[in-house]
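1. Give me coordinates for this.
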Amino acid sequence: MRIVQLANAYNPTSGGLRTVVDAFGRGYVAAGHDRVLVIPGRRHAREEGASGLVVTFPGVPVSGGYRVIPRFGPVRELLEDLAPDSVEVSDKATLAAAGPWARQRGVGSVLISHERLDAVAAARFPRAWRTGNRVLRPALHRRSRGLAAGFDAIVVASAFAGREFAGTPAPLWQIPLGVDLDTFRPRPERPGPGAEGPWRLVYSGRLSAEKNPMVAVATVRALIAAGHPARLDVYGTGARRDHLERAAAGLPIAFHGHVADRAELAARIAGADVVLAPGPAETFGLSVLEALACGTPVVTADTGGAGELLAPGAGLAAAPTGAAFAAAVTTMMTWPGPERRAAARSRAQEYPWPRAIASMLALHSQIRGLTARAEAR
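-> The predicted structure follows:
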């Protein structure tokens, strides 16, 4: 089976989306399928590698350092040439046109919903959303309904993500994502904090408005004000970094930028006491799952889908404010360290990548069969 993956906003620092697309792609190739990846870049390129053919189209820069393929036309020509059995789209913008294209040609089509449009709009433009959501919410729902109508299946990773498509016509598959349990693992040699040592906190993710990283800074401020010594290490980059550094002035917070080496990032997460994940609109929370795999418990926002990953003893969901997150950290630090670390790791072990890949391959096979039967009629 030839599966063509189409993804906008895919670059070396694109975090969760790239992790998901690459993990699925490697899994397809390992299972004996032909995988082609189509992404935006600076210039046109074709490169054959161990994980299949990668085709890059010139992309237009957008916010956050990402690029977007501006027109579907060149991609359509490529698809005509490739003659895929199934297309897998990780985009709700220009590349979503691949769904209707596939339907017209009897090709299976899957949309992976990496973000929920209404939740992202509310997180990125809170003032506009508060004043205009009565108009914006129905408009975004119509957009989601239109997207769903163009595909044979929609894949979501959480119940929260699935609610975007309530009442839409396409079959909805809830397929939880996975984590690399070998790279993201506990480090037994990690020494525990001394009686006088600070609580070690980590934020790992994009420094953008929708990820709400200012809550991590506010958490440290609230902990110190309450007499709890704490320090925060921030791993990631984004448009809000300068603003965050100004807000963190005078606080024990270190900004390390993007860490490309996944093993190094895993080791740093494993060395923390608690990971902070304040994003209010997460449709899954790969960074949460990676922290749990490292044996590090997590405080997540009590909105979005990341809280669905938590289990008793592995973390807490709290309102995305500094005070609420600080209270959750304080509670979690009263839990015995070995027990909370074991609970975190145990929860992550329920999400191996091979299970997610097998589910996706089953979906691709099913929609391929449906389109083949439709053509036969």
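2. What average pLDDT does the helix or strand hosting residue 133 get?
-> Here residue 133, judged by DSSP states H and E, is contained in helix 126-149. Averaging pLDDT along helix 126-149 yields 84.
3. which residues are contacting that helix?
-> Outside helix 126-149, the residues that touch it by CB atoms under 8 Å, 6 or more residues apart in numbering are 92, 96, 99, 111, 117-118, 121-122, 154, 164-165, 167-170. Quick note: C-beta positions are derived from backbone N, CA and C, even for glycine.
4. show me what contacts residue 283?
-> 113, 114, 115, 116, 119, 156, 157, 158, 160, 161, 304, 305.
5. Of these, which belong to helices?
-> Applying DSSP state H to the contacts of residue 283, the entries found in helices are 119, 160, 161.
6. Generate CSV for those residues, with neighbour count as supplementary columns.
-> Formatted as CSV, the ones in helices among the contacts of residue 283 follow (neighbours: other CB atoms under 10 Å):
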residue, neighbour count
119, 24
160, 21
161, 26
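7. Check those residues against residue 2 and report the nearest one.
-> Closest to residue 2 out of the ones in helices among the contacts of residue 283 is residue 161 (27.3 Å), distances taken as CB to CB.
8. if we can go back for a sec, JSON lines please, covering the ones in helices among the contacts of residue 283 and showing distance to residue 82 and pLDDT.
-> Formatted as JSON lines, these follow (distance: CB to CB, whole Å; pLDDT from 0 to 100):
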{"residue": "119", "distance to residue 82": "34", "pLDDT": "85"}
{"residue": "160", "distance to residue 82": "34", "pLDDT": "94"}
{"residue": "161", "distance to residue 82": "29", "pLDDT": "94"}
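9. before we move on, back to that, just the contacts of helix 126-149: which are in strands?
-> Among those, the members found in strands (DSSP state E) are 111, 154.
10. Out of the contacts of helix 126-149, list just those in helices.
-> 99, 117, 118, 121, 122.
11. can you list the residues you listed in a markdown table and add neighbour count, pLDDT and distance to residue 81?
-> Listed next are those as a markdown table, based on neighbours: other CB atoms under 10 Å; pLDDT from 0 to 100; distance: CB to CB, whole Å:
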| residue | neighbour count | pLDDT | distance to residue 81 |
| --- | --- | --- | --- |
| 99 | 25 | 96 | 19 |
| 117 | 19 | 87 | 32 |
| 118 | 21 | 87 | 37 |
| 121 | 21 | 84 | 36 |
| 122 | 21 | 83 | 41 |
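12. Generate CSV for those, with distance to residue 11 as supplementary columns.
-> Shown next, in CSV, are those (distance: CB to CB, whole Å):
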residue, distance to residue 11
99, 23
117, 21
118, 25
121, 23
122, 25
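13. any idea which of those residues is closest to residue 288?
-> So of the ones in helices among the contacts of helix 126-149, ranked by how close each gets to residue 288 (CB to CB), first place is residue 122, at 19.9 Å.
14. what element comes up after the helix or strand residue 6 falls within heading to the C-terminus?
-> Assigned by DSSP H and E, residue 6 belongs to strand 2-7. Downstream of strand 2-7, the first helix or strand assigned by DSSP H and E is helix 16-30.
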